[in-house]
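Visitor: no sequence on hand, only this structure:
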């Protein structure tokens, strides 16, 4: 009887040791995966910030995208105007992004003859249809669709601090271009605020 009890006790101890060992191993693996994921995101962040900041003082990369009203828009055709580029999460970012976009259309300084604002989203037109029905004020701004994310990638805006979905969506990133198409100012805004006053100040520097 004592021998049987000893066998049972040893079996239980062996089982406990196996479970504890497996838990420790699983925890280590999970920790390593988390560390690798964090390193990956930090690498993306650094690369994106470097790419965006490197644009200052250079010609903004040219692109052609379609607007909400199916107009083909080419950035280089805006030479002669000061341009604000706003890369944003778009439809999924309600209400912050929507308010930022709508705010451009309510501010007279962005309606001046020598000024243009282009909002770039990675949404589809169908997704934007639903947004416009909910907030018609969005129609007051020129929205361009970068569904392939190629332009957003080229500008380095997919993994900045303001992006809540690193590598998939832009966040809240502004660029100001002078009349020659040179990038004069970049700003990534994790606070997701309306930045019209700051942008006005940067535009006034170009007069």
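Guide: Alright, I've got the coordinates. The structure displayed is predicted, hence computed values, not measured ones.
Visitor: mind listing the helices for this protein?
Guide: With DSSP state H as the criterion, the chain has helices at 2-53, 96-106, 125-134, 150-154, 196-204.
Visitor: what does the fourth one rub up against?
Guide: Outside helix 150-154, the residues that touch it by C-beta atoms under 8 Å, 6 or more residues apart in numbering are 61, 63, 65, 87, 120, 122, 146, 158, 170. All C-beta spots, glycine's among them, are computed from the backbone N, C-alpha and C.
Visitor: from what I can see residue 183 touches residue 177, true?
Guide: Yes - applying C-beta atoms under 8 Å, one finds residue 183 in contact with residue 177, separated by 5.7 Å.
Visitor: overlap in contacts of these two?
Guide: Joint contacts of residue 183 and residue 177 (C-beta under 8 Å, 6+ apart) are residue 60.
Visitor: so which residue is dead centre in this protein?
Guide: Closest to where the C-alpha atoms of the chain average out (C-alpha atoms, centre = their mean) is residue 170, at 1.6 Å.
Visitor: how about that one, what does it touch?
Guide: 87-89, 120-122, 152, 157-158, 160, 162-163.
Visitor: change it to 10 Å
Guide: 48, 86-90, 93, 97, 120-122, 146, 149, 151-153, 155-160, 162-163, 188 (C-beta atoms under 10 Å, 6 or more residues apart in numbering).
Visitor: which members of the contacts of helix 150-154 are positioned in strands?
Guide: Under the assignment DSSP state E, those contribute 65, 87, 120 to strands.
Visitor: so what's the residue count around the second one?
Guide: Same thing as residue 87. 30 (other C-beta atoms under 10 Å).
Visitor: just the last one next, same as before
Guide: Here the count is done by other C-beta under 10 Å, and residue 120 has 25 residues near it.
Visitor: ok, the one 5 residues further on next?
Guide: For residue 125, the number of neighbouring residues by other C-beta under 10 Å comes to 15.
Visitor: wait, isn't it in contact with residue 145?
Guide: Yes - contact criterion C-beta atoms under 10 Å: residue 125 and residue 145 qualify, at 6.2 Å.
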